[in-house]
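Asker: What follows is a predicted protein model with its sequence.
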Amino acid sequence: MKKVFLILLFTSLVLFQLVHAQVTDTGRYGPLLSMHPLYQSQMVLQQGAEVEFAGSAESGTRVVITSGWGVTATTVADTGNRWTTTLKTPTVRRGDFTNYKVVVENNSRKLLLDSVQIGEVWLCSGQSNMEMTMDARPPWHEGVLNREVEIAAASYPNLRVLTIKRQGLPYLRQNFNGTWESISPDVAANTSGVAYYFARLLQQRLQVPIGIVVAAHGGAACQAFISRESLQEDTLLNQKYLSSYIYDPQDKNPEYKPSLLFQAMINPLKLLKFKGVLWYQGESNAKDTTLYPILQKTLISSWKQHFNKSELPFYYVQMPAYDWKKQDPSANDYSLFREAQERTLLLPKTGMVCTMDIGEPDNIHPRNKKPVGERLAVLALAETYELKVVHSGPRVQSIRFKGTEAIITYKKSSAPRGIQTSDGKAPAHFFISGKNKEFYEATVSVKGRIVKLSAPEVLLPIEIRYAFTNDAVTNFQNKEGLPAFPFRTDNWSHAKYHFKKSSK
């Protein structure tokens with residue numbers, strides 16, 4: 001029995017290496033030379049980075065890595081049969097899509113990685129709307145809008161994706177299941193729609209290889225992606241999520257358990273060198289309006305520490321319209337969550353994209369993922385790559401009240417060519433209130449970047465709310481097509497909405 005087990009174990013290790021690298025034997029076998037599964041043929045390495053390669057080999061053996069870009073590194077396996085070394089990657093020029101070979105060898109085995117590219121790598125994480133593939137996955141989602149056409153056209157050999165497969169366990173994992181692949185229709189069908197559209201536009205503008213690593217899990221809560229040590233360090237988070245938590249080995253749903261997805265999906269990526277993070281998550285924390293800014297701050301600091309990145313561009317998606325099956329046009333608890341998301345912008349290197357115009361109030365997995373990914377790409381192009389592009393929808397510069405009118409001036413940087421509506425109709429979802437805390441849907445006039453609001457029922461307006469309900473799907477945007485961000489001027493815990501008869 002023991003002999004059979006050893007044979008099966010040996011066979012599985014060989015198959016693993018054959019899947020992830022082309023193996024060339026040099027004549028004799030000791031303990032297998034291996035690499036961490038992060039290193040595979042068709043991978044993309046972050047340009048201009050110190051990339052750490054690691055694996056295992058017989059203790060004391062010399063391991064040599066030779067790269068196609070002319071850099072060589074040598075190391076020796078330690079007493080635990082582990083080796084690690086660093087290779088410097090060059091900075092690539094626009095239009096350079098060179099495929100390199102990387103050879104890793106010792107005195108018993110040679111591993112060849114083929115079609116390795118150097119470019120920009122981004123880590124994409126979150127819950128179901130980040131995980132949601134281009135193709136349909138009944139019954140939980142229908143795929144992206146126009147999925148048949150979009151998938152058929154997805155042929156980008158210099159755009160590579162590594163999707164980390166779901167695995168939730170109560171201990172820190174070092175390895176993962178997933179394969180680097182070039183984007184083709186078959187691969188795109190199984191790729192995150194948001195990540196795909198982000199990568200495609202980024203490549204079109206930068207003209208370098210793009211690698212996206214997708215580590216997302218449907219239904220996941222933010223605390224599941226944070227290291228246990230980071231949760232423990234914060235008194236509120238420790239009390240809320242850890243103090244009463246006991247792992248149940250029979251639990252098959254780890255996605256909302258503290259730290260489990262960090263342990264299963266993020267920890268194995270520790271050696272990954274990448275430019276920044278895309279984050280689409282919040283539905284599972286929608287009621288945590290007080291704690292969510294603390295959760296996101298802790299998530300970012302946890303990942304900075306884990307990946308040894310003192311600066312971490314972190315771009316995330318503000319939640320779109322969804323009515324939570326309440327069928328109540330006045331409900332605004334989800335708006336409070338969006339407001340909580342906004343507070344993360346106080347942290348350096350963060351950015352948020354608005355999706356109030358593309359939600360589906362009765363579908364928590366809206367299909368129009370192309371604008372989401374492309375808005376994240378535009379944000380990265382402006383903030384990380386410092387290109388001069390308009391990357392924000394209209395943001396309020398000032399508000400004043402004059403008689404029966406409320407007057408909003410929007411920032412020029414967020415609407416340099418002015419403001420419009422996407423459908424040619426009047427701007428929707430603006431409300432004004434007097435001191436009685438009753439908001440009436442406003443009549444809106446727009447001139448340049450100035451918006452004037454009034455309602456016959458409000459003789460002396462003192463507060464404004466815009467798109468501050470759960471299910472508001474907006475039409476108000478700048479001329480670049482980016483939607484205005486929701487906001488309110490009041491801090492009232494309770495308020496009443498009055499809608500025009502034609503609105504609801």
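Answerer: Okay, I see it.
Asker: Phi and psi next, for the residue lying closest to R94 once chain neighbours are set aside.
Answerer: Leaving aside its sequence neighbours, R94 sits nearest to Q207 (C-beta to C-beta, 6 or more residues apart in numbering; 4.2 Å). Yep, even glycine has a C-beta here, placed from its N, CA and C like the rest. The phi/psi pair for Q207 (degrees, to the nearest 10) reads phi 60, psi 50.
Asker: Look at Q207 and say how many residues are nearby.
Answerer: 16 (other C-beta atoms under 10 Å).
Asker: Please report how far it lies from P329.
Answerer: According to C-beta to C-beta, to the nearest Å, Q207 and P329 sit 46 Å apart.
Asker: Next, the contact list for F53, please.
Answerer: Shown in contact with F53 (C-beta atoms under 8 Å, 6 or more residues apart in numbering): M35, H36, Y39, I65, A73, T84, T85, T86, L87, V104, L271.
Asker: So the fourth one, which state does it fall into?
Answerer: Using DSSP: H, G, I helix; E, B strand; the rest coil, the three-state assignment for I65 comes out as strand.
Asker: got a list of what Y241 touches?
Answerer: For Y241, the contact set (C-beta under 8 Å, 6+ apart) comprises Q223, L231, P258.
Asker: quick check, nearest of these to T298?
Answerer: Lowest distance from T298 to the contacts of Y241 (C-beta to C-beta) belongs to L231, with 7.0 Å.
Asker: Tell me how far that closest one lies from L45.
Answerer: Distance from L231 to L45, counting by C-beta to C-beta: 32 Å.
Asker: Same check on D328?
Answerer: To L45, D328 is 50 Å away according to C-beta to C-beta.
Asker: who's more crowded, these two?
Answerer: Using other C-beta under 10 Å, the more surrounded residue of D328 and L45 is L45, with 25 against 13.
Asker: Please, which helix or strand holds that one?
Answerer: Per DSSP states H and E, L45 falls inside strand 44-46.
Asker: thinking again about what came up before, and of the contacts of Y241, the nearest to G424?
Answerer: Q223 (43.9 Å).
Asker: In a helix, the closest one, correct?
Answerer: Yes. Q223 forms part of a helix when assessed by three-state DSSP.
Asker: For it, the count of nearby residues, please.
Answerer: By other C-beta under 10 Å, 28 other residues sit near Q223.
Asker: Please report the distance of it from C124.
Answerer: Using C-beta to C-beta, we find Q223 at a distance of 19 Å from C124.
Asker: likewise M352?
Answerer: To C124, M352 is 16 Å away according to C-beta to C-beta.
Asker: Those two: which is more packed in?
Answerer: Ranked by neighbour count (other C-beta under 10 Å), M352 and C124 place C124 first, with 29 against 21.
Asker: Which pLDDT value belongs to the residue nearest to S184 when sequence neighbours are not counted?
Answerer: Among residues not flanking S184 along the chain, S155 sits closest, at 5.8 Å (C-beta to C-beta, 6+ apart). S155 carries a pLDDT score of 98 in this model.
Asker: For S155, give its distance to I118.
Answerer: From S155 to I118 the distance is 21 Å (C-beta to C-beta).
Asker: A136 too?
Answerer: 34 Å.
Asker: mind checking the SS state of Y316?
Answerer: strand.
Asker: That one: how many residues sit nearby?
Answerer: Y316 has 26 neighbouring residues, counting by other C-beta under 10 Å.
Asker: list the contacts for it?
Answerer: Y316 makes contact with L278, W279, Y280, Q281, Q296, Q341, T344, T350, G351, M352, V353, according to C-beta under 8 Å, 6+ apart.
Asker: Could you report the pLDDT at K2?
Answerer: pLDDT recorded at K2 is 42.
Asker: Looking at A136 and I118, which one has more neighbours?
Answerer: Set side by side, A136 and I118 show more neighbours around I118, with 28 against 16, by other C-beta under 10 Å.
Asker: Tell me how far the more buried one lies from I210.
Answerer: 11 Å.
Asker: shared neighbours of those two, which are they?
Answerer: V44.
Asker: Could you list the buried residues of the longest strand anywhere in the chain?
Answerer: Ranked by number of residues, the top strand in the chain under DSSP state E is strand 109-126. Residues 109-111, 113, 116-126 are the ones in strand 109-126 that count as buried (16 or more other C-beta atoms under 10 Å).
Asker: Which helix or strand lies directly C-terminal to it?
Answerer: Sequence-wise, the next helix or strand downstream of strand 109-126 (DSSP H and E) is helix 128-131.
Asker: what residues does that next one touch?
Answerer: Counting by C-beta under 8 Å, 6+ apart, 124, 140-141, 192, 194-195, 214, 216-220, 278-281, 283, 317, 364-366, 369, 372 sit against helix 128-131.
Asker: Weed out the non-buried ones from those residues.
Answerer: Among these, those buried by neighbour count (16+ other C-beta under 10 Å) are 124, 141, 192, 194-195, 214, 216-218, 220, 278-281, 283, 317, 364-366, 369, 372.
Asker: So T421 sits against V444, correct?
Answerer: No. At 9.4 Å, T421 and V444 do not qualify as touching, with contact defined as C-beta atoms under 8 Å.
Asker: Of these two, give the one with the bigger neighbour count.
Answerer: Neighbour count, other C-beta under 10 Å: between T421 and V444, V444 has more, with 19 against 16.
Asker: I'd like to know which of the contacts of F53 are buried.
Answerer: Judged by 16+ other C-beta under 10 Å, buried ones among the contacts of F53: M35, H36, Y39, I65, A73, T85, L87, V104, L271.
Asker: can you put those in CSV and add pLDDT and distance to A321?
Answerer: Converted to CSV, these look like this (pLDDT from 0 to 100; distance: C-beta to C-beta, whole Å):
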residue, pLDDT, distance to A321
M35, 94, 45
H36, 94, 42
Y39, 96, 42
I65, 97, 50
A73, 97, 51
T85, 96, 50
L87, 96, 46
V104, 97, 50
L271, 96, 39
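Asker: And the residue lying closest to V372 once chain neighbours are set aside, which helix or strand is it part of?
Answerer: Counting by C-beta to C-beta, 6+ apart, V372 lies nearest to V194, which is 5.1 Å off, once chain neighbours are set aside. If you go by DSSP H and E, V194 is part of helix 193-206.
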